[in-house]
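[1] Got a sequence here, can you model it:
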Amino acid sequence: AACVPGGKCLPCESLDKSHLLSPEQIESELTNMKLWQLSDDKTKLIRNYTARNFQSAMDSLNAIGVIAERENHHPDMHLTSYRTVEIVLFTHSLGGISLNDIALAKMIDEDVSINYSPKWLKENPEARKE
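    Numbering: from 1, shown residues only. Got it, this is the predicted structure:
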């Protein structure tokens, strides 16, 4: 079995296609993950945000990188327009979404402090941490 949220990710090489989540399982998980969206082809989890500035964007990417290295599960991360960030999660070896991706998304949401653009945060109040 793959990792469970709150647990450690399993090495991707130990996973097979049976570890891919169904679109229904993914949609069920996403009901509690308001900052994440499913890609159009339903094979990736995507989170977009605008940081306050370039340094804030880089700080968030570096913090995500620390978690990714610890878990040995690495997202695709894109920085454009100096502060617009896109995080793309999927299990590369399977070409789809596994519990590793759900777990990593939740770790990012819980453990990474992001200094958002005030305008973006106003438009996305669900990103406010309690």
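[2] for the longest helix along the chain, the distance to its chain's centre please.
    Looking across the chain with DSSP state H, the single longest helix is helix 54-71. Relative to the mean C-alpha coordinate of its chain, helix 54-71 is positioned 11 Å out (CA atoms, centre = their mean, to the nearest Å).
[3] Ok, stretch 73-91 next?
    With CA atoms, centre = their mean, you get 8 Å for stretch 73-91.
[4] same question, stretch 36-45
    On CA atoms, centre = their mean, the centre of stretch 36-45 falls 11 Å from the chain's centre.
[5] likewise stretch 37-51?
    8 Å.
[6] export the longest helix of the chain as PDB, just CAs?
    What follows is helix 54-71, C-alpha atoms only, in PDB (Å, rounded to 0.1, in the frame of the first residue of the first chain):
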ATOM      1  CA  PHE A  54      10.000  36.900  -5.600                       C
ATOM      2  CA  GLN A  55      11.600  36.100  -2.300                       C
ATOM      3  CA  SER A  56       8.400  34.800  -0.800                       C
ATOM      4  CA  ALA A  57       7.800  32.600  -3.900                       C
ATOM      5  CA  MET A  58      11.300  31.200  -3.600                       C
ATOM      6  CA  ASP A  59      10.900  30.600   0.200                       C
ATOM      7  CA  SER A  60       7.800  28.600  -0.400                       C
ATOM      8  CA  LEU A  61       9.400  26.600  -3.200                       C
ATOM      9  CA  ASN A  62      12.400  25.800  -1.000                       C
ATOM     10  CA  ALA A  63      10.100  24.800   1.900                       C
ATOM     11  CA  ILE A  64       8.200  22.400  -0.400                       C
ATOM     12  CA  GLY A  65      11.600  21.100  -1.600                       C
ATOM     13  CA  VAL A  66      12.600  20.200   1.900                       C
ATOM     14  CA  ILE A  67       9.400  18.200   2.400                       C
ATOM     15  CA  ALA A  68       9.800  16.600  -1.100                       C
ATOM     16  CA  GLU A  69      13.300  15.400  -0.300                       C
ATOM     17  CA  ARG A  70      12.300  14.100   3.100                       C
ATOM     18  CA  GLU A  71       9.500  12.100   1.600                       C
END
